[in-house]
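Colleague: Sequence below, structure please.
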Amino acid sequence: MKLDARHKLFAELEDVIDYKFSSYDRLDRALTHSSARDPKAGNYERLEFLGDRVLGLCIAELLFGRFSDAAEGELSVRLNNLVSAEACASIAEDMQLHKYIITGADVKNIKSNTMLSVRADVIESLIAAIYLDGGLEAARRFILKFWTSRALAKASIRRDAKTELQEWSHAEFKVPPSYKVVSRDGPDHAPVFK
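Modeller: Just a heads-up that it's a prediction; the model follows:
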């Protein structure tokens, strides 16, 4: 894609996220999948690492302020739901973020369910790009814009399966469950255990 067309897309995304970058360099990296470039040129993976931490901090702060009577356990469950891959990918969908992600030819359909983790990763890398460009307050504004309504929704709080199992085991037997890894599949950043 030509530079002018790419910058036009960046400007369109800036309108969606309500943030203007001082330079498009970080934004370009934040939106670039590893399949699209020579590994030395960079992609979103390092930014995703930082964005995940910024997102967690801002969501924890939001929940701490809005749910002043909630116990730590409830806050943790709410936080985990809001920073999950599913929540991040859903927000990416709401923003139509797939239109801006740069991928190589081998990554065909960025909107497919199998690409959910890519969309989640890119939203976190976008958070990091905003944070590095404009600071914590800019990142916080972006996060609050897209996560607050989800945080305040009256929907039931979904616990992850491991937490449910541990709580059940403790209630029934007064001890945590014992785990044995039978197999491990998937990439290092998203392993699946049996």
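Colleague: quick one: residue 59 from residue 31, how far?
Modeller: As judged by CB to CB, to the nearest Å, residue 59 and residue 31 stand 22 Å apart. Every residue, glycine included, has its C-beta placed from N, CA and C.
Colleague: Ok, residue 74 next?
Modeller: Residue 74 is 35 Å from residue 31, by CB to CB.
Colleague: So which of these two has more stuff around it?
Modeller: Taking other CB atoms under 10 Å, residue 74 and residue 31 do not tie; residue 31 has more neighbours (26 against 13).
Colleague: thought that one was touching residue 44?
Modeller: Yes. Using CB atoms under 8 Å, residue 31 is in contact with residue 44, at 6.8 Å.
Colleague: how close does residue 177 sit to residue 121?
Modeller: For residue 177, the distance to residue 121 - CB to CB - is 30 Å.
Colleague: Okay, helices next: where are they in this structure?
Modeller: For the chain, applying DSSP state H gives helices covering 3-17, 25-30, 45-66, 72-82, 85-95, 116-134, 136-152, 161-173.
Colleague: quick one: which of those is nearest residue 192?
Modeller: helix 116-134 (11.5 Å; CB to CB).
Colleague: re earlier: out of residue 177 and residue 121, which sits in the more crowded spot?
Modeller: Neighbour count, other CB under 10 Å: between residue 177 and residue 121, residue 121 has more, with 28 against 11.
Colleague: What pLDDT is listed against residue 127?
Modeller: Residue 127 is assigned 98 on the pLDDT scale.
Colleague: Just give me the neighbour total for it.
Modeller: Look at residue 127: counted by other CB under 10 Å, it has 28 neighbours.
Colleague: Contacts only, for it.
Modeller: 51, 54-55, 139, 142-143 (CB atoms under 8 Å, 6 or more residues apart in numbering).
Colleague: Same question for residue 137.
Modeller: Counted by CB under 8 Å, 6+ apart, residue 137 has zero contacts.
Colleague: And the one 5 residues further on, by the same measure?
Modeller: Shown here is residue 142, whose contacts under the criterion CB under 8 Å, 6+ apart are 17-19, 126-127, 130.
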